[in-house]
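*Asks:* Okay, here's the prediction I keep looking at, along with the sequence it came from:
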Amino acid sequence: MLAPSSCLAHVQKLTRLKVIQGFHAEVDLKALGIGLQGIISVRLAKHSQSRFRSLFAYVQQLIEVLQVFQVTGANDLLIHIAVADVDHLRDLVVDRLATRPEVAACETSVIFLSSRKSVLPRYVRN
């Protein structure tokens, strides 16, 4: 077991080396009025760097967006969202995503249950 001062020094070193890039807290989403989470799959209408960058920047600034992933496969983006309720979800998708000129299609999946691991795997490079 490490002494608290040694542990702090180790965390500070890992932060300086950018191994640790930030800290987070587990928050009760219902306490913030968040009643629903989902994943929105988005397919671009036309593939170009400028259209992708424009849509990605737009999506990142939406308050409902928790994470954005650029992915391979049939869709181009997966957007993890948190909203108050199903009406809020509908308004987000219909009024603010599907109407964008960069977007060809949106498909929404509601998250019923989620789990996050507190330990990451470590892969050593040689």
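*Replies:* Right, received. Where do you want to start?

*Asks:* Show the end-to-end separation of stretch 108-117, please.
*Replies:* One end of stretch 108-117 to the other measures 24 Å (C-alpha to C-alpha, to the nearest Å).

*Asks:* Check which residues of that stretch are buried.
*Replies:* Using 16 or more other C-beta atoms under 10 Å as the test for burial, stretch 108-117 gives Thr108. Where you see a C-beta, it was placed from the backbone N, CA and C, and this is true even at glycine.

*Asks:* ok, residues contacting that stretch?
*Replies:* Identification of contacts with stretch 108-117 by C-beta atoms under 8 Å, 6 or more residues apart in numbering yields 36-41, 89, 93.

*Asks:* Show me how to select, in PyMOL, the buried members of these.
*Replies:* The buried residues among these can be selected in PyMOL (16+ other C-beta under 10 Å) with this line:
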select buried, resi 36+37+38+40+41+89+93
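
*Asks:* what would the contacts of stretch 108-117 look like in a markdown table with distance to Phe112?
*Replies:* Converted to a markdown table, the contacts of stretch 108-117 look like this (distance: C-beta to C-beta, whole Å):
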| residue | distance to Phe112 |
| --- | --- |
| Leu36 | 10 |
| Gln37 | 9 |
| Gly38 | 10 |
| Ile39 | 12 |
| Ile40 | 16 |
| Ser41 | 17 |
| Leu89 | 14 |
| Val93 | 18 |
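
*Asks:* Grab the two from the contacts of stretch 108-117 that are most spread out in space.
*Replies:* Spanning the widest gap among these are Leu36 and Ser41, at 16.5 Å by C-beta to C-beta.

*Asks:* Restrict the helix or strand Leu8 falls within to CA atoms and write it as PDB.
*Replies:* Using DSSP states H and E, Leu8 sits in helix 4-16. Output of helix 4-16 as PDB, limited to C-alpha atoms (Å, rounded to 0.1, in the frame of the first residue of the first chain):
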ATOM      1  CA  PRO A   4      -0.900   9.200   0.600                       C
ATOM      2  CA  SER A   5       2.000  11.500  -0.400                       C
ATOM      3  CA  SER A   6       3.500   8.800  -2.700                       C
ATOM      4  CA  CYS A   7       0.100   8.100  -4.300                       C
ATOM      5  CA  LEU A   8      -0.400  11.900  -4.900                       C
ATOM      6  CA  ALA A   9       3.100  12.100  -6.500                       C
ATOM      7  CA  HIS A  10       2.300   9.200  -8.700                       C
ATOM      8  CA  VAL A  11      -1.100  10.700  -9.800                       C
ATOM      9  CA  GLN A  12       0.600  14.000 -10.500                       C
ATOM     10  CA  LYS A  13       3.300  12.300 -12.600                       C
ATOM     11  CA  LEU A  14       0.700  10.400 -14.600                       C
ATOM     12  CA  THR A  15      -1.200  13.700 -15.100                       C
ATOM     13  CA  ARG A  16       2.000  15.500 -16.300                       C
END
